[in-house]
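A.B. asks: Got a sequence here, can you build the structure:
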Amino acid sequence: MAAAGSNVRVYTRRECFSPEGCHMTCEQGEVVVNAYLAPHEGATTIRSEREVHFAPKPADAARAPLMVLICAKE
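C.D. replies: As a prediction, the model looks like this:
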């Protein structure tokens, strides 16, 4: 249980599986707190406080990379 007067932060996790990459955004009133590829091969570009673009390296078609965006309410 949170102590009285403490700040509680609400997080949202969004996922995308695609060999071509993904463009993901946080909802209005949320900001990016983490963004990553799994496996960690390719580029993750934070374009703004709410917008991220993932460009994974080409992978085995049977194993599409996971792209994860973690947002938090402001």
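A.B. asks: burial measure for residue 14, as a count.
C.D. replies: Here the number of neighbours of residue 14 (other C-beta atoms under 10 Å) works out to 16. Where you see a C-beta, it was placed from the backbone N, CA and C, and this is true even at glycine.
A.B. asks: so it sits right up against residue 24, yeah?
C.D. replies: Yes - shown here, residue 14 and residue 24 form a contact pair, counting by C-beta atoms under 8 Å, at 5.6 Å.
A.B. asks: so what sits against both of those two?
C.D. replies: Residues touching both residue 14 and residue 24 (C-beta atoms under 8 Å, 6 or more residues apart in numbering): residue 69.
A.B. asks: Give the helix, strand or coil label for the closest residue to residue 31 other than its chain neighbours.
C.D. replies: Distances taken as C-beta to C-beta, 6 or more residues apart in numbering place residue 49 nearest to residue 31, at 4.7 Å, with adjacent residues excluded. Residue 49 carries the three-state label coil when classified by DSSP: H, G, I helix; E, B strand; the rest coil.
A.B. asks: Show me the shaky parts of the chain.
C.D. replies: Along the chain, segments meeting pLDDT under 70 span 1-5, 59-62.
A.B. asks: Mind doing that once more with 80?
C.D. replies: 1-6, 40, 58-64 (pLDDT under 80).
A.B. asks: if we can go back for a sec, identify the residues contacting the residue nearest to residue 31.
C.D. replies: Residue 49 is in contact with 26, 31, 32, counting by C-beta under 8 Å, 6+ apart.
A.B. asks: Distance of the residue nearest to the spatial centre of the chain relative to residue 6?
C.D. replies: By C-alpha atoms, centre = their mean, the chain has its centre lying nearest to residue 69, at 1.0 Å. Between residue 69 and residue 6 the distance, using C-beta to C-beta, to the nearest Å, works out to 26 Å.
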